[in-house]
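Peer 1: here is a sequence with its predicted model. Questions after.
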Amino acid sequence: MAKRSNKSTLKRTDHHAIIRIAVFGVLTVASVGLFLFGMVNNSNGSVERFDRLVAVDQAGGDVEEALTELRDYIYTHMNTELGGPNGIYPPIQLSGTYNRLIEQEEARVVAVNEKVNDDAATVCEQRFPAGQLRSGRVQCVQEYLEQNTVRVKSIDDSLYKFNYVAPRWSPDLAGFSLLAAGIFGFITVFNLLLHLRTKHLINSSN
C-alpha cells in the first residue's frame, strides 16, 4: 500500500514537473524572442541617431547636441556600438565640421596675408620714397613679408573623431528579457532534470 502511495506521489510530482517544463519553456522562448527584438531595436536606434548626426554635421547644424544624444544612447543601451573590424575607425567622424574649420582657417590666413601685403607696400613706400633706390624698397617688402606673413595652423582631426563603447548589459527591453530568459531557462532545465529523475524512480518502482 505504501509502495502504491509513493508511486502515486511520484507520478503527481512528475506531472507537475512536465507542466512547469511546458510553461517555463514557452516563457524562455518568448523571452529570447523579446531579447532579440530588443537587440535589433537598440541597434537601429543607434544607427538612426548616427545618421542624424551625420546629416547635422554636413548641414553645419548643432553637432554638439546630436553627438551628445548619440553618446548617451550608446552608453545606456547594449548592442549599440557602431562600425566593425573592417569599417572606418573611429566610426564617428565629424568630417563636415572638420572641413569647415579647415576652410575657415585657410580663409583667415588669406585675409591676413592680403593685409600684410598692403601694409608692406605702405610701410616700405614711406621708408623708401620715390627717387630712392628701388632695390631698397624691394628688400624692405621681402623682410616685412617674412616677418609678418602667417601660415595655416594645423587642426587636430582626432578632436572630431569618436568611438563609444556600449555596455554588456543595460536596463532596457533587451537587458531585462535576457535576465528573464536566463531565469526561465534555469527553471525549465531544473524541472526537466526533476522529470527525468522522477521518471527513473517510477520505472524503478515497477
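Peer 2: Arrived safely. Numbers count the residues shown, from 1 in each chain.

Peer 1: check the offset of the helix or strand hosting residue 12 from the chain's centre.
Peer 2: For residue 12, the host element (DSSP states H and E) is helix 2-59. Here helix 2-59 is found 26 Å from its chain centre; the criterion is CA atoms, centre = their mean, to the nearest Å.

Peer 1: and the helices in the protein?
Peer 2: Under the criterion DSSP state H, helices of the chain are mapped to 2-59, 63-75, 95-127, 134-148, 173-205.

Peer 1: out of those, the one nearest residue 161 is which?
Peer 2: helix 95-127 (8.7 Å; CB to CB). Quick note: C-beta positions are derived from backbone N, CA and C, even for glycine.

Peer 1: can you mark which positions in the closest one are buried?
Peer 2: Neighbour counts using 16 or more other CB atoms under 10 Å place 96-98, 116, 120, 124 of helix 95-127 among the buried residues.

Peer 1: for stretch 27-37, same thing?
Peer 2: 27-28, 31-32, 34-35.

Peer 1: mean pLDDT added to the helices of the chain, as TSV?
Peer 2: Shown next, in TSV, are the helices of the chain (pLDDT from 0 to 100):
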stretch	mean pLDDT
helix 2-59	89
helix 63-75	97
helix 95-127	95
helix 134-148	89
helix 173-205	90
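
Peer 1: just put the ones you listed in a markdown table and tack on distance to residue 82.
Peer 2: Converted to a markdown table, those look like this (distance: least, CB to CB, whole Å):
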| stretch | distance to residue 82 |
| --- | --- |
| helix 2-59 | 6 |
| helix 63-75 | 8 |
| helix 95-127 | 15 |
| helix 134-148 | 46 |
| helix 173-205 | 17 |
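
Peer 1: residue 164: which of those is closest?
Peer 2: Per CB to CB, nearest to residue 164 of these: helix 63-75, 4.3 Å.

Peer 1: which neighbouring elements make contact with that closest one?
Peer 2: helix 2-59 (3 or more CB pairs under 8 Å, 6 or more residues apart in numbering; DSSP states H and E).

Peer 1: next, the angle helix 63-75 makes with the helix holding residue 12.
Peer 2: 170 degrees (axes from the mean of the first three to the mean of the last three CA atoms, to 10 degrees).

Peer 1: ok, now which ones touch residue 91?
Peer 2: 82-83, 163 (CB atoms under 8 Å, 6 or more residues apart in numbering).

Peer 1: now with 10 Å, please.
Peer 2: 50, 81-84, 161-164 (CB atoms under 10 Å, 6 or more residues apart in numbering).

Peer 1: cool, residue 102 as well?
Peer 2: 152, 154-155, 157.

Peer 1: same question for residue 104.
Peer 2: So residue 104 contacts residue 155 (CB under 10 Å, 6+ apart).

Peer 1: and it, how far is that from residue 40?
Peer 2: 41 Å (CB to CB, to the nearest Å).

Peer 1: ditto for residue 78
Peer 2: Plainly put, residue 78 is 12 Å away from residue 40 if you go by CB to CB.

Peer 1: quick check: neighbours shared by those two?
Peer 2: Between them, residue 78 and residue 40 share the contacting residues residue 174, judged by CB under 10 Å, 6+ apart.

Peer 1: show me which of these two is the more surrounded one.
Peer 2: Taking neighbours as other CB atoms under 10 Å, residue 78 and residue 40 compare with residue 78 leading, 21 against 12.
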